[in-house]
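Asker: one predicted model, sequence on top.
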Amino acid sequence: MIQLLTDPQAWAALVTLTAMEIILGIDNVVFISVLVSKLPADEARRARSTGLLLALVFRIALLFCLTWLIGLTDPVLTVYGLGLSWRDLILIAGGLFLLFKATHEIHNEFEHDDGEPEPARMGAAFTGVILQVAVIDIVFSVDSIVTAIGMAQQLPIMIAAVVMAMIFMYAASGPIGGFIHRHPTTKVLALAFLMLIGVSLVADGVGMHIPRGYIYFAMAFAAGVETINVLAKQRRAAQKARSRAP
């Protein structure tokens, strides 16, 4: 352990792996922020904390099962000549779940069901959010840790990188969730991001890797445009307020 603290290569691996875990964790943060956006503030905070804690637990647990995890990349099923491993099947299932969830949420944004009172709906939502977060945490954890294994061989480095990335994600999840809650149009944009991520997970599962850089560039560009729209809306509202002032 002391040798790792004095090894420049170990520090370089830690920084690189932490940065990679943060980048891969963006998907998780967006998903959690969208799910908790309909919850009351206190429950949203609890759901966000619980979701990220589950993600941390899943990642560390998988790191202690490296032999089993590496075995997930061995083909277990052949479909039309394409060998699929357990990792591939998990990614495909997770991608399809994201596509379903994003489509369902977009539908709910424009087709409101007023048949159930809002308090009852809120009361049932918290447990559902945690269960959905747990499911998608497993998908993102498998993808993240399999990638991490190829970048670092020392278990302490991988655990430290995962913990540091989760601390960063926890700090970022609050502002992201608050921004989505304050600006409902950004929720539809975030759901579109989840659809992109779902497609990329399915593509990875069937052996057609889509570089995440393309997806993150599209996300950053769209987020930039939406930020300009939000600022312009706030400026118009301020001008209207000044014009009404005596």
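Answerer: Now that the structure is in, tell me what you want to look at. Here the structure is a predicted model, which means the values were calculated and not measured.

Asker: just give me the residue closest to the centre of this protein.
Answerer: Centroid check for the chain by Cα atoms, centre = their mean gives N28 as the closest residue, at 1.3 Å.

Asker: ok, it to L52 distance?
Answerer: Here the criterion is Cβ to Cβ, to the nearest Å. By it, N28 lies 8 Å from L52. C-beta here means a position set from N, CA and C on the backbone, and glycine is covered the same way.

Asker: so what sits against both of the two?
Answerer: By Cβ atoms under 8 Å, 6 or more residues apart in numbering, N28 and L52 have these common neighbours: M169.

Asker: count the neighbours of P40 for me.
Answerer: The burial metric for P40, expressed as a neighbour count using other Cβ atoms under 10 Å, is 13.

Asker: so what's it scoring on pLDDT?
Answerer: With respect to pLDDT, P40 has a value of 79.

Asker: phi and psi next, for it.
Answerer: Dihedral pair for P40: phi -60, psi 160, per degrees, to the nearest 10.

Asker: check which helix or strand L77 maps to.
Answerer: L77 belongs to strand 75-79 when elements are defined using DSSP states H and E.

Asker: for the strand or helix carrying L231, name the packing helices and strands.
Answerer: Here L231 sits within helix 212-244, counting by DSSP H and E. The elements that helix 212-244 packs onto, with contact taken as 3 or more Cβ pairs under 8 Å, 6 or more residues apart in numbering; DSSP states H and E, are helix 8-36, helix 184-205.

Asker: the ones you listed: which one's closest to D137?
Answerer: In this view, the helices and strands packed on helix 212-244 are compared for proximity to D137 by Cβ to Cβ, and helix 8-36 is the closest at 6.9 Å.

Asker: specify the angle between the helix holding L231 and helix 8-36 in degrees.
Answerer: With axes from the mean of the first three to the mean of the last three Cα atoms, to 10 degrees as the basis, helix 212-244 and helix 8-36 are set at 50 degrees to each other.

Asker: got the buried residues for helix 212-244?
Answerer: Within helix 212-244, the residues that count as buried by 16 or more other Cβ atoms under 10 Å are R212, I215, Y216, M219, A222, E226.

Asker: what average pLDDT does that helix get?
Answerer: For helix 212-244, the mean confidence score works out to 83.

Asker: what's the weakest-modelled helix or strand in this protein?
Answerer: Least confident element among the helices and strands of the chain, by mean pLDDT, DSSP states H and E: helix 2-5 (a mean of 57).
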